[in-house]
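Undergrad: Next comes the sequence, and after it the predicted model I'd like to discuss.
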Amino acid sequence: MTGYLVLADHVLTGFTADGTPEILENAGVLVEGERIVAVGPADELRRAHPEAAEIGGRGRFLMPGLVNAHHHVGMTPFQMGARDQPLELWFPERLVMRDVDPRLDTLYSAFEMIASGVTTVQHLHSRAPGDTDAVVARAETIVGAYAEIGMRVSYSFALRDQNRMIYAADEDFVAMLPEPLRGPTMAYLSGFGLPLAEQVAVFHALRGRYEGDPLIAIQIAPSNLHWLSDAALESAARMASDTGAPMHMHLLETPYQRDYAHRRSGGSAVAHMDRFGLIGPQTTIGHGVWMTPDDLALVRERGACLCHNCSSNLRLKSGRLDLNAVLAADVPTAIGIDEAGINDDRDMLQEMRLVLTHHRPPGHDAPAPSAAQVLRMATEHGAATTPFAGRIGRLAPGLLADLVLLDWPAVTRPWQDPRMPLVDVLVRRAKAQAVEAVMIGGRVVYAEGRFTRVDREDVFSALAAALDRPDTTAEDERRRLAAALLGPVRDFYRGWLDGG
Ligand SMILES: [Zn+2]
């Protein structure tokens, strides 16, 4: 096998145990098949492997591929007509979203992610209508779109067996509504009523289907405490112990979710999950904004990870994670763009910049994340929250060849003081236009602004053509329902945060 030599002026291979960036100068990696087989000085690699094709070279910065550790959809809710709302009101608001072809939808955000240096996505599929076969077919279409573009994906279909619209039973919600809304609301909710046992069957079917696939892994996603009965929590724990698959779980995203946990369990959501063995090294908590110091201590003790969804927390008025406390506790924490970032896209370079900037409280001695901590979140720690943990997120012999080449003059143009640390310059200044090439599993999937396996313009044209039409009857009904349900949902939560 002849392989590729990927060379650069600066090669960020990863971080030392204490978080210091490890950067080699005039160096590169040798890639054979899907793996990195050597890392070292450019001259030595060239001498030892004169037959290898060269990529990169002078003026380049090479780093591990980024991981978007929390992702749901392609076309954003805002693009599809759903306004940013506080999370609990956003659930009915989202009914206005129109139906879109899942392949085109998945490719749409995959373009944005890859073009900003993301090589692995944690795709948390929130809901799909229909029976087991329909859900599995939709999952296969989504996973197939990632395979088509050549992106690494950790896919999960969310487990959920209750409280689909508010933090109370569907029947109770329907009973609160004016009579004319009850039938349409029940009909809508029951469209997503796949029984728990069949949701578990979806997981096992997909796991069997993709076992051994180099780019695809299936994990478990207990959706959130309010969406799961205790029986469902037991199922999730059993799925994890039976298969060893990691799990990603939304938790404590808003203060209403904190209050819900108190009402249900008399304590914290983290403590309740822990009773089921759901807080452990295999667990990643998505959001975790309203964790108490005791929750954080428990997460640390159990060896669980966290995923910080900074843009989402801002857009949905969820609150601000105390990231500095999380970093001080040494809990491995990933970055997730969730539905969409502050530019309504999936630009990981921008999301890193937001994380770097958002957690700088006043006070000369107050803590703030370093650029190195943020980049480690988006690489090594993001990798730790996926089934690819330990195989991606760094550049070292034996690891999978997921790499990003940056055009460094494009990052620094027209001038950057060279005494500024490279990682600081990267996180503060690198834009997606500076991403020159992206390799995933040893294959170049993006180079010089073009995707090598899928034509972006074709997909954009198909999306525009598919959506430029009047609402279908079903969409029209959902739009009316969204408008009608917003008030009752708002009423349900009135007084919650007053302790009422
Ligand atoms: Zn989410």
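TA: Okay, I see it.

Undergrad: low-scoring stretches of this protein, by residue?
TA: Low-confidence segments of the chain (pLDDT under 70): 1, 499-500.

Undergrad: Counting residues, name the longest helix you see in it.
TA: helix 473-493 (DSSP state H).

Undergrad: pull the CA atoms of that helix into PDB?
TA: Only the C-alpha atoms of helix 473-493 are listed here, as PDB (Å, rounded to 0.1, in the frame of the first residue of the first chain):
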ATOM      1  CA  THR A 473     -52.600  18.900   4.200                       C
ATOM      2  CA  ALA A 474     -50.700  17.300   7.100                       C
ATOM      3  CA  GLU A 475     -48.300  20.200   7.300                       C
ATOM      4  CA  ASP A 476     -51.100  22.700   7.300                       C
ATOM      5  CA  GLU A 477     -52.800  20.900  10.200                       C
ATOM      6  CA  ARG A 478     -49.600  20.800  12.200                       C
ATOM      7  CA  ARG A 479     -49.100  24.500  11.600                       C
ATOM      8  CA  ARG A 480     -52.500  25.300  13.000                       C
ATOM      9  CA  LEU A 481     -51.900  22.900  15.900                       C
ATOM     10  CA  ALA A 482     -48.600  24.600  16.700                       C
ATOM     11  CA  ALA A 483     -50.300  28.000  17.000                       C
ATOM     12  CA  ALA A 484     -53.100  26.600  19.100                       C
ATOM     13  CA  LEU A 485     -50.900  24.600  21.500                       C
ATOM     14  CA  LEU A 486     -48.500  27.300  22.400                       C
ATOM     15  CA  GLY A 487     -50.800  29.000  24.900                       C
ATOM     16  CA  PRO A 488     -51.800  25.800  26.800                       C
ATOM     17  CA  VAL A 489     -48.200  24.700  27.000                       C
ATOM     18  CA  ARG A 490     -47.200  28.100  28.300                       C
ATOM     19  CA  ASP A 491     -50.000  27.900  30.900                       C
ATOM     20  CA  PHE A 492     -48.900  24.500  32.100                       C
ATOM     21  CA  TYR A 493     -45.500  25.900  33.200                       C
END
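
Undergrad: what does it rub up against?
TA: 88-89, 91-96, 98-99, 165-168, 173, 176-177, 181, 184-185, 188, 256, 471 (C-beta atoms under 8 Å, 6 or more residues apart in numbering). For glycine as for every other residue, the C-beta is placed from the backbone atoms N, C-alpha and C.

Undergrad: what do you get for stretch 447-459?
TA: Contacts of stretch 447-459 (C-beta under 8 Å, 6+ apart): 104, 107-108, 111, 114-115, 148-150, 436-438, 443-446.

Undergrad: could you redo the last one with a cut-off of 6 Å?
TA: 104, 107, 111, 148-150, 437, 444-445 (C-beta atoms under 6 Å, 6 or more residues apart in numbering).

Undergrad: from those residues, which two are the most distant?
TA: Between any two of these, the greatest separation by C-beta to C-beta is 24.7 Å, found for 104 and 437.

Undergrad: Could you give me the ChimeraX syntax to select whichever of the contacts of helix 473-493 are buried?
TA: Restricted to buried positions by 16 or more other C-beta atoms under 10 Å, the ChimeraX selection for the contacts of helix 473-493 reads:
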select :88,89,91,92,93,94,95,96,98,165,166,167,168,173,177,181,184,185,188,256
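
Undergrad: Identify those among the contacts of helix 473-493 that sit within helices.
TA: 88-89, 91-93, 173, 176, 181, 184-185, 188, 256.

Undergrad: I'd like those as a markdown table, with distance to residue 325 appended.
TA: Output for the ones in helices among the contacts of helix 473-493, formatted as a markdown table (distance: C-beta to C-beta, whole Å):
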| residue | distance to residue 325 |
| --- | --- |
| 88 | 25 |
| 89 | 28 |
| 91 | 29 |
| 92 | 33 |
| 93 | 31 |
| 173 | 35 |
| 176 | 38 |
| 181 | 43 |
| 184 | 45 |
| 185 | 40 |
| 188 | 40 |
| 256 | 22 |
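
Undergrad: ok, how many other residues are close to the closest residue to residue 129 other than its chain neighbours?
TA: Closest residue to residue 129 apart from its sequence neighbours, by C-beta to C-beta, 6 or more residues apart in numbering: residue 191 at 4.8 Å. Using other C-beta atoms under 10 Å, residue 191 is surrounded by 14 other residues.

Undergrad: Surely residue 191 touches residue 128?
TA: No - Residue 191 lies out of contact with residue 128 (C-beta atoms under 6 Å); the separation is 9.8 Å.

Undergrad: Could you verify my assumption that residue 283 touches residue 305?
TA: No - Residue 283 lies out of contact with residue 305 (C-beta under 6 Å); the separation is 7.1 Å.

Undergrad: Work out for me the element residue 416 sits within.
TA: Following DSSP states H and E, there is no helix or strand that holds residue 416.

Undergrad: Residue 284 now?
TA: Going by DSSP H and E, residue 284 is in strand 283-287.

Undergrad: now swap in residue 36 and tell me
TA: strand 35-41.

Undergrad: May I have that strand as PDB, with CA atoms only?
TA: This file holds the C-alpha atoms of strand 35-41, laid out as PDB (Å, rounded to 0.1, in the frame of the first residue of the first chain):
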ATOM      1  CA  ARG A  35      -5.300   4.600   9.600                       C
ATOM      2  CA  ILE A  36      -2.300   6.700  10.500                       C
ATOM      3  CA  VAL A  37       0.800   4.500  10.500                       C
ATOM      4  CA  ALA A  38       3.500   7.000  11.300                       C
ATOM      5  CA  VAL A  39       3.800  10.600  12.600                       C
ATOM      6  CA  GLY A  40       7.100  12.400  12.500                       C
ATOM      7  CA  PRO A  41       9.400  15.000  10.800                       C
END
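
Undergrad: before we move on, the earlier item: which positions in the longest helix of the chain come out as buried?
TA: Applying 16+ other C-beta under 10 Å to helix 473-493 flags 475, 478-479, 481-482, 484-486, 488-489, 492-493 as buried.

Undergrad: And the residue nearest the centre of this protein?
TA: residue 70 (1.7 Å; C-alpha atoms, centre = their mean).

Undergrad: picking that back up, helices and strands around the strand holding residue 284, which ones?
TA: strand 247-251, strand 305-308 (3 or more C-beta pairs under 6 Å, 6 or more residues apart in numbering; DSSP states H and E).

Undergrad: Now do that strand and strand 247-251, the angle between them.
TA: 30 degrees (axes from the mean of the first three to the mean of the last three C-alpha atoms, to 10 degrees).

Undergrad: Mind jotting down where the helices sit in the stretch 51-200 of the chain?
TA: 87-93, 102-115, 132-149, 170-176, 179-190, 196-210 (DSSP state H, counting those that start in this stretch).

Undergrad: Could you say which of those helices is packed most deeply?
TA: Among the helices of the stretch 51-200 of the chain, the stretch with the highest mean neighbour count (mean count of other C-beta atoms under 10 Å) is helix 102-115, at a mean of 23.
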